[in-house]
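Novice: Dropping the sequence and predicted coords here.
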Amino acid sequence: MVACHAGVSYAPFRGAQNPLDPGLIVAPEQMAEDFAQLAKVTGCIRTYSVGNGLDRVPELAQKAGLKVMLGVWIGTNKLDNKIQVERGIALSKQFPGVVTAFIVGNEVLLRGEMTSSDLVANIRAVKAKVSVPVTYADVWEFWLKNRDVYDSVDFVTIHILPYWEDFPIRASYAASHVDSIRKRMAVAFPNKEILIGETGWPSSGRMREGALPSRANQARVVSEILELARTQKFRVNLIEAYDQPWKRNFEGTVGGHWGLFDADSRALKYPAGVPITNFPLAKVYAGAGMILALLIFGVSFLTLRRRPWSPRLSSWLVVAISATAAGSLLGVAFEKMMVESLGVGGWISGIALVVCAVAAPLIVANTVMYGRSLPTFLELIGPADYRTSSRMQRLLGIVLLATTILATATALGFVFDPRYRDFHFAALSMAVIPFLLLTAVNRSPDGSRSIAESVFAGTLAISAIYTIFNEGPANWQSLWTCGIYFLLALTLSRARVVQIPK
């Protein structure tokens, strides 16, 4: 029916380009550049709209030797639907050797923007005017819920995204899951071909239960699905050709990292013959981590030169553990900051958290060698009688307060709006571990419990408990992050305020 047996979904948007911008027209030269690259890895692309300059796709694809499964975007606006459909029909007639199928709408039933009867009417209207096969694309469950659509299409186009299933599927089981759903749909709809119109795996983003986005997992899932398609002779379309940064505004980090090619460099994420790694700059990060660890020890030795006594073994253990944690996790924390920060607010909080992660072990190394304890918030921002006179104590207090605020903000985010939020386990671990160790070695003076720290501690602990149950025991990113929340809560609960005599 359709010449392409393994295609990719194509959206041309780069950088700040966004299909929701009605005035955006993507330059044909930009798409032609993409097609020259895609022609080396596939023979077919799938599109979703003919707006934003995408009506030039069939013409440009023809020059690159690509076939096109032409999609039109329909929704609640009937005028826009008419424009899309009419333009799509004209293109299918103008490029009959390029347009191999016509896809009327994408997940419009899933979004609740159209009834199945209206969708069927649109499909039949298109079928009456084109000579290529006509279909509709949606998540596989919605085909089962709307069987009347099946009668109106020439073949069934289903989306199977193991990561986004209600019960997320691990990467190791993703291909078998896709195969089982495909076979289930073939039984439910026995008289028409089942095309997998979207499937794939994200290369970055937060875990969902046991489903971990990563480059290695993406390469594994894609290769296993393609091998299944080859051996069992069914058609499959991968989502997607290029990472789409604009999707991050709606789906978080994971939404912008489904592409086979990187958004900025336009480079294939796992070229043939090159070892696949989740951290391409691992050697650089390892070197930076070693330097940070040495700096932490260096601060300790320099402090001893000003305080000439032999520190306890426990003090050196604090330094050693802090240096090890910081050095080991620095690369992960930096990589996550670069990938996960979005918008001005996201970059500010991301950078602030990494700064705290680097500063905390350095300042704690100085503090523990001086024999001082962790300062309370009252010593930092309280009445003048309570404030510390030590610059290093004030600096440590600022880092502790910033870490606490950032941690609490993320913890509450996982309670009230968790679906697309990332887990900042690496940077939080670098910052919190030194604080906790300091409280274990250099205890605060006896005094009354600090109200501010107690409130933060309670909030962190309650949020962590909720998140653990909400995310499930298979999500190690969640468990790690919540463990750090508990450790920070424990650290803050030890804060004591010494009453200043009048």
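Specialist: Nice, thanks for sending it over. Numbering: from 1, shown residues only.

Novice: CA only for contacts and neighbour counts going forward, please
Specialist: Fine.

Novice: Residues contacting stretch 342-352, please?
Specialist: Counting contacts by Cα atoms under 8 Å, 6 or more residues apart in numbering, the residues outside stretch 342-352 that touch it are Arg248, Met337, Ser341, Ala402, Leu406.

Novice: go on, stretch 76-95?
Specialist: Contacts to stretch 76-95, defined as Cα under 8 Å, 6+ apart, come from residues 49-51, 55, 58-59, 70-75, 99, 102, 104, 113-114, 126, 129-132.

Novice: Buried among those? Need that as a selection in ChimeraX.
Specialist: A single ChimeraX command selects the buried members of these (16 or more other Cα atoms under 10 Å):
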select :49,50,51,55,58,59,70,71,72,73,74,75,99,102,104,114,126,130,132
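
Novice: quick one: which of the contacts of stretch 76-95 sit in helices?
Specialist: Counting by DSSP state H, the part of the contacts of stretch 76-95 found in helices is Pro58, Glu59, Val126.

Novice: so can I have JSON lines of those residues showing pLDDT and distance to Phe142?
Specialist: Putting the ones in helices among the contacts of stretch 76-95 into JSON lines (pLDDT from 0 to 100; distance: Cα to Cα, whole Å) gives the following:
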{"residue": "Pro58", "pLDDT": "98", "distance to Phe142": "29"}
{"residue": "Glu59", "pLDDT": "97", "distance to Phe142": "33"}
{"residue": "Val126", "pLDDT": "97", "distance to Phe142": "21"}
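
Novice: Can you tell me which of those is nearest Arg449?
Specialist: Distance from Arg449 was checked for each of the ones in helices among the contacts of stretch 76-95 by Cα to Cα. The minimum falls on Pro58, at 69.9 Å.

Novice: what sits against that closest one?
Specialist: By Cα under 8 Å, 6+ apart, the contact list for Pro58 reads Lys67, Val68, Leu91, Phe95, Val98, Val99.

Novice: Using CSV, lay out the ones in helices among the contacts of stretch 76-95 together with distance to Gly371.
Specialist: Supplementary listing: the ones in helices among the contacts of stretch 76-95 in CSV, determined by distance: Cα to Cα, whole Å:
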residue, distance to Gly371
Pro58, 72
Glu59, 73
Val126, 79
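
Novice: Let me know the closest of the residues you listed to Thr303.
Specialist: Using Cα to Cα, the shortest approach to Thr303 within the ones in helices among the contacts of stretch 76-95 belongs to Pro58, at 68.9 Å.

Novice: Could you list the buried residues of the helix or strand harbouring Glu227?
Specialist: Glu227 is part of helix 215-232, with elements assigned from DSSP states H and E. Going by neighbour count (16+ other Cα under 10 Å), the buried part of helix 215-232 is 215-222, 224-226, 228-229.

Novice: And the contacts of the helix or strand that it is followed by?
Specialist: Of the helices and strands lying after helix 215-232 in sequence (DSSP H and E), the nearest is strand 236-238. Defining contact as Cα under 8 Å, 6+ apart, one finds that strand 236-238 is touched by 5-9, 46, 195-200, 222, 226, 229.

Novice: Tell me which entries of the residues you listed lie within helices.
Specialist: If you go by DSSP H, the contacts of strand 236-238 have Val222, Leu226, Ala229 in helices.

Novice: related to what we said a few turns ago, most neighbours among the contacts of stretch 342-352, which one is it?
Specialist: Neighbours were tallied for each of the contacts of stretch 342-352 (criterion: other Cα atoms under 10 Å), and the maximum of 21 neighbours falls on Met337.

Novice: measure that residue to Val399 for me?
Specialist: 18 Å (Cα to Cα, to the nearest Å).

Novice: Which residue ranges of the stretch 151-300 of the chain form helices?
Specialist: Counting by DSSP state H, counting those that start in this stretch, one finds helices in the stretch 151-300 of the chain at the ranges 171-188, 215-232, 248-255, 282-306.

Novice: could you dump the ones you listed to TSV with distance to Asn442?
Specialist: Putting those into TSV (distance: least, Cα to Cα, whole Å) gives the following:
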stretch	distance to Asn442
helix 171-188	45
helix 215-232	43
helix 248-255	40
helix 282-306	15
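
Novice: tell me the least confident of the contacts of strand 236-238?
Specialist: Least confident by pLDDT among these: that is His5, with 79.

Novice: For it, give its distance to Gly97.
Specialist: Taking Cα to Cα as the measure, His5 and Gly97 are separated by 16 Å.

Novice: same check, this time on Arg394
Specialist: Using Cα to Cα, which is the criterion applied here, Arg394 is 72 Å from Gly97.

Novice: quick one: which of those two has more around it?
Specialist: Here Arg394 and Gly97 are set side by side on neighbour count (other Cα under 10 Å), and the busier one is Arg394, at 19 against 13.

Novice: That one against Thr388, yeah?
Specialist: Yes. The pair formed by Arg394 and Thr388 meets the contact definition of Cα atoms under 8 Å, at 6.8 Å.
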